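Peer 1: structure, please.
(one chain, ligands or ions: 3)
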Amino acid sequence: MANTIGAPARWAGFIDALLDPVWMVELGALHIVAANAAAARLFGVPASGLLGRDMRELAATPADEAQWADVQTAPAEHGPHDSQPMDSWVQSLDGQMHPVTLRISVLAHGPGAGHALVSARPRDTEVALREELDRRVGELQATLESTTDGILVTELSGAVQRFNRRFAELWALPASLLVQRDDAALKAWLRGRVVEPGVWARVQEHWLAGPAQAVVELVQLVDGTLLECVSHPLMGAGATLGRVTSFRDLSERQRAQREIDRLQSTDGLTGLANRRAFSERLALRLAEQQARSRGAAGAGGAPARGVALLQLGLDRFRTINETLGAPAGDEVLVETARRLEACLTRSDLLGRVGGDEFAIGLADTDMRGAEAVARRLLGALASPFLRDGTRFTLTGSVGITLLHEGSADVDGALQQADAAMRRAKEAGRATFRFHQARHNVDLRERLRIDHAMREGLPAGHFRVHVQPQVNLRDGELVGVEALLRWTDPVLGEMAPSRFIAQAEDSGFIVELGQWVLDQATAIAALWLREGRSVPIAVNVSALQFRQPDFVDRVAQALDRSGLPAALLELELTESILVDDAADAQRRLGELARLGVRLSLDDFGTGYSSLSYLKDLPLHRLKIDRSFVTPLPEACRQAAIVQAVVHMAGALGLEVVAEGVETAAQADFLRSAGCALAQGYLFGRPMEPAHLAALFQEGMPPRLEPPARLESTATRPAPLGHGSSNGNGNSRTVRRGAGRGLTLVKA
Ligand code: C2E
Ligand code: MG
Ligand code: MG
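Peer 2: Residues are numbered from 1 along each chain as shown. Ligands and ions are numbered 1, 2, ... in the order given. Prediction:
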């Protein structure tokens, strides 16, 4: 036969007739001696190409190789026999592997010779496919079972095809439904588990209608579980076969979210609402109250009541932390929270809104109701605390504000209560204060001013004016005081009395004061370069003075400007001694060593204790205007001024009288021994250029002696005009007769 290659010829016709690939192997050399056309196709060679090939070389797997070695060495007495069919592979000459089932039949076995007939049935078409399918189904099943989602597969008819174990868990399927297929019972069970049958009906509709896209529904179960159901079309051979619906348990996530919300709204230490949560709840209470009030008004009911907001701050709580330690402080806060809670009803709100501050919201109440609660809260704090064997009492201060209809601003209310609480503290603590509308206006005004100041400095809205200081004996100019002026484009001309205190509160005074220092030293340095030696006095606020690098800053300002230290005077007030007198004294010493002169401003308005003066390196006292204005008639002020002048003389200090407006005042001061003065009588604060212009008239400039002043000077404009009117200031000092002063050449 053409397709049968080689011997033994008696098998050749038979091999060729077979459809499966078959070949014959001579067992001595293990060479192929015959093969049919199907075998040649399987190996991918021309029919003749197989003849003479060594079977061991053709073996595709080590198992095959071992098999051939066994066959070759099998004892002859075994006689003809078949091997067990085995799943193996044939590698065609192009390298491809073909799955086959091999059977080797030993036909005759003589010593050293014999033949084996090998048949190979290709497996790829049926068996391999089925195996692959089984494998994939197994994988899919494992995947389904291992997901944390419940999975339900339905046919387009709505019949249930399968579900996984997680599905059974989520829906709490009873055992009966797991062992026996019963679609009707299963669906009835599912229906019975959902809270909203309407939503569930929609999910089932998707199974039947089979929309092409995924559909998501949220289903709440009767046991509280919240399921997210996502159903996808199940596709096969290009057609929709059914739907796969996955069920994800969102309850855990929901619980986690709720826990996050709770943590975010709770104060970790006391468990009370924190500031944010308290504000939100208060806003809710307010809305409810407003609805209630409208209802009452509509029904002609009782006059509207409101929501009261109380803020309670512990007095001197810092001391507890400092003496007993922070953990004890924490315990006190927790106990305070419990005590306050015990004073309130369930409908009242309580929160911790600051380190040692609590807020209380009372609905449907009025001033008297709020006051009663405030007293109760303060009373609850009154009984002693006991920590680590130490008994101590704690007091609190309470600020109260009432939110009536229309006032929806909860943050504003918190600020009002806070401001009222601070007033309670100022009033001596352990008490309560009601919010007063004016304070709130003040607060907003202050914010506006603060903002305008911070913008105004770089924008060039501030200027420095100078006011002459004269020798009362001959009117000679002995120096000037630098005074800050501010013209805001919107707020207009702002007097220092309106903004200095606030700049001190906000801390902006440090920056502002530094700017004045730089300006003032530059002004005096310029005069000096022009040949006029005029000392300049600069006001320094306590906060500015307390800056750790204040002395350096002064030295730097002198360096920058080139002004000798002796021409700079710093005007300080007694407030620098309040916090740390020792530190202030040390710093004053450093400044004095620097060579700058130091004066005590507004003397008489502070502690008025003269005893400390002898320890301070001061050069001057400035008697406050409030003592000068009533002179010379007021006996008491006259006596005080007299005493101050004497005492200063004993201490070797110069005295400057401030706010001298009339010749009579000047006369009195001169006769009392006061050498120096400053006031409208001699010159209002003015642009430095104006004073410089007056210099042009002579060197050194001298103000007209008071004796001649008496005849020309009249009382100038009322208080405040001078300091708030930059333009008018310069007019006071001018040449010639009339109101004010005359500057004369030396
Ligand atoms: P002060 O340091 O006692 O300044 C004297 C104040 O009295 C100035 O008010 C001045 O214009 C005013 N004055 C002077 N002579 C008369 C007079 O005859 N009659 C009347 N009625 N007033 C007179 P001003 O400029 O309004 O300043 C007020 C306060 O603001 C100053 O009082 C000072 O404490 C503060 N201040 C002004 N400039 C600065 C500054 O640059 N830094 C700091 N820290 N405070 C400043
Ligand atoms: Mg001053
Ligand atoms: Mg003063």
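Peer 1: rest of the way, CA atoms for contacts and neighbours
Peer 2: Will do.
Peer 1: buried ones in stretch 19-34?
Peer 2: Neighbour-count burial for stretch 19-34 flags 20-27, 30-34 (criterion: 16 or more other CA atoms under 10 Å).
Peer 1: and the host helix or strand of residue 69, how far from the chain's centre?
Peer 2: Using DSSP states H and E, residue 69 falls within helix 62-73. Between the centre of helix 62-73 and the centre of its chain there are 77 Å (CA atoms, centre = their mean, to the nearest Å).
Peer 1: again with stretch 263-277
Peer 2: Worked out by CA atoms, centre = their mean, stretch 263-277 lies 16 Å from the chain centre.
Peer 1: show me the contact partners of whichever helix or strand comes after the helix holding residue 69.
Peer 2: Heading C-terminal from helix 62-73, the first helix or strand you meet, by DSSP H and E, is strand 81-82. If you take CA atoms under 8 Å, 6 or more residues apart in numbering as the criterion, strand 81-82 is touched by 103-107.
Peer 1: 6 Å - rerun?
Peer 2: Outside strand 81-82, the residues within contact range by CA atoms under 6 Å, 6 or more residues apart in numbering are 104-106.
Peer 1: what strands flank that strand, and is each parallel or antiparallel?
Peer 2: Next to strand 81-82 in the sheet, as set by DSSP bridges, lie strand 97-110 (antiparallel).
Peer 1: can you pull the buried residues of the partner strand?
Peer 2: Residues of strand 97-110 classed as buried by neighbour count (16+ other CA under 10 Å): 98-106, 109.
Peer 1: I'd like the next helix or strand past that strand.
Peer 2: Sequence-wise, the next helix or strand downstream of strand 97-110 (DSSP H and E) is strand 113-122.
Peer 1: just want the angle from that following strand to helix 62-73.
Peer 2: In terms of direction (axes from the mean of the first three to the mean of the last three CA atoms, to 10 degrees), strand 113-122 departs from helix 62-73 by 150 degrees.
Peer 1: any idea of the mean pLDDT in the next helix or strand after strand 113-122?
Peer 2: Moving toward the C-terminus from strand 113-122, the next helix or strand (DSSP H and E) is helix 127-146. Per-residue pLDDT over helix 127-146 has a mean of 76.
Peer 1: out of the buried residues of stretch 19-34, list just those in strands.
Peer 2: 22-26, 31-34 (DSSP state E).
Peer 1: filtering these by proximity to ligand 1, which remain?
Peer 2: Contacts with ligand 1 within these, counted by CA under 6 Å from any ligand atom: none were found.
Peer 1: how about CSV for those residues, with distance to residue 286 added?
Peer 2: Listed next are those as CSV, based on distance: CA to CA, whole Å:
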residue, distance to residue 286
22, 96
23, 98
24, 101
25, 101
26, 104
31, 102
32, 101
33, 104
34, 103
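Peer 1: in a markdown table: the residues you listed, plus pLDDT and distance to ligand 3.
Peer 2: Putting these into a markdown table (pLDDT from 0 to 100; distance: CA to the ion, whole Å) gives the following:
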| residue | pLDDT | distance to ligand 3 |
| --- | --- | --- |
| 22 | 92 | 124 |
| 23 | 90 | 125 |
| 24 | 89 | 127 |
| 25 | 89 | 127 |
| 26 | 88 | 129 |
| 31 | 90 | 125 |
| 32 | 90 | 125 |
| 33 | 87 | 129 |
| 34 | 88 | 129 |
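Peer 1: any chance of the contacts of strand 81-82 in CSV, with pLDDT and distance to residue 376 too?
Peer 2: Listed next are the contacts of strand 81-82 as CSV, based on pLDDT from 0 to 100; distance: CA to CA, whole Å:
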residue, pLDDT, distance to residue 376
104, 88, 104
105, 86, 107
106, 84, 110
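Peer 1: about what we covered before: which one of the buried residues of strand 97-110 is nearest residue 432?
Peer 2: residue 99 (94.9 Å; CA to CA).
Peer 1: near ligand 3, which residues of the stretch 301-450 of the chain?
Peer 2: Counting by CA under 5 Å from the ion, no residue of the stretch 301-450 of the chain lies close to ligand 3.
Peer 1: between the contacts of strand 81-82, which sits nearest residue 194?
Peer 2: Residue 194 lies nearest to residue 104 out of the contacts of strand 81-82, by CA to CA, at 64.4 Å.
Peer 1: who's the closest spatial neighbour of the residue in the chain that ligand 3 sits nearest to, skipping the chain neighbours?
Peer 2: In the chain, the residue found nearest to ligand 3 is residue 602; the distance is 4.0 Å by CA to the ion. Residue nearest to residue 602 in three dimensions, not counting chain neighbours: residue 624, with 4.2 Å by CA to CA, 6 or more residues apart in numbering.
Peer 1: contact partners for that neighbour?
Peer 2: 602-603, 658.
Peer 1: restrict the contacts of strand 81-82 to those near ligand 3?
Peer 2: Applying CA under 5 Å from the ion to the contacts of strand 81-82, none is adjacent to ligand 3.
Peer 1: between the residues you listed, which sits nearest residue 202?
Peer 2: residue 104 (62.9 Å).
Peer 1: my guess is the closest one contacts residue 85, does it?
Peer 2: No: Residue 104 lies out of contact with residue 85 (CA atoms under 6 Å); the separation is 7.6 Å.
Peer 1: what sits in contact with each of those two?
Peer 2: Contacts common to residue 104 and residue 85, judged by CA under 6 Å, 6+ apart, are absent.
Peer 1: still on that earlier bit, which of the buried residues of stretch 19-34 sits closest to residue 217?
Peer 2: residue 20 (57.2 Å).
Peer 1: could you measure from the closest one over to ligand 1?
Peer 2: 112 Å (CA to the nearest ligand atom, to the nearest Å).
Peer 1: so what pLDDT did that residue get?
Peer 2: Reported pLDDT for residue 20: 88.
Peer 1: and it, how far is that from residue 123?
Peer 2: When distance is defined by CA to CA, to the nearest Å, residue 20 is 11 Å away from residue 123.
Peer 1: now residue 206
Peer 2: Distance from residue 206 to residue 123, by CA to CA: 42 Å.
Peer 1: settle it for me: which of those two has more neighbours?
Peer 2: The residue with more neighbours, out of residue 206 and residue 123, is residue 206; 21 against 18, by other CA atoms under 10 Å.
Peer 1: tell me which element that one falls in.
Peer 2: Counting by DSSP H and E, residue 206 is part of helix 197-209.
Peer 1: what's the following helix or strand past that helix in contact with?
Peer 2: Using DSSP H and E, the helix or strand that follows helix 197-209 towards the C-terminus is strand 215-220. For strand 215-220, the external contacting residues (CA under 6 Å, 6+ apart) are 194-195, 226-231.
Peer 1: ditto for stretch 478-498
Peer 2: 461-470, 534-538, 724.
Peer 1: from those residues, which two are the most distant?
Peer 2: Pairwise distances across the contacts of stretch 478-498 peak at 29.3 Å for 461 and 470 (criterion: CA to CA).
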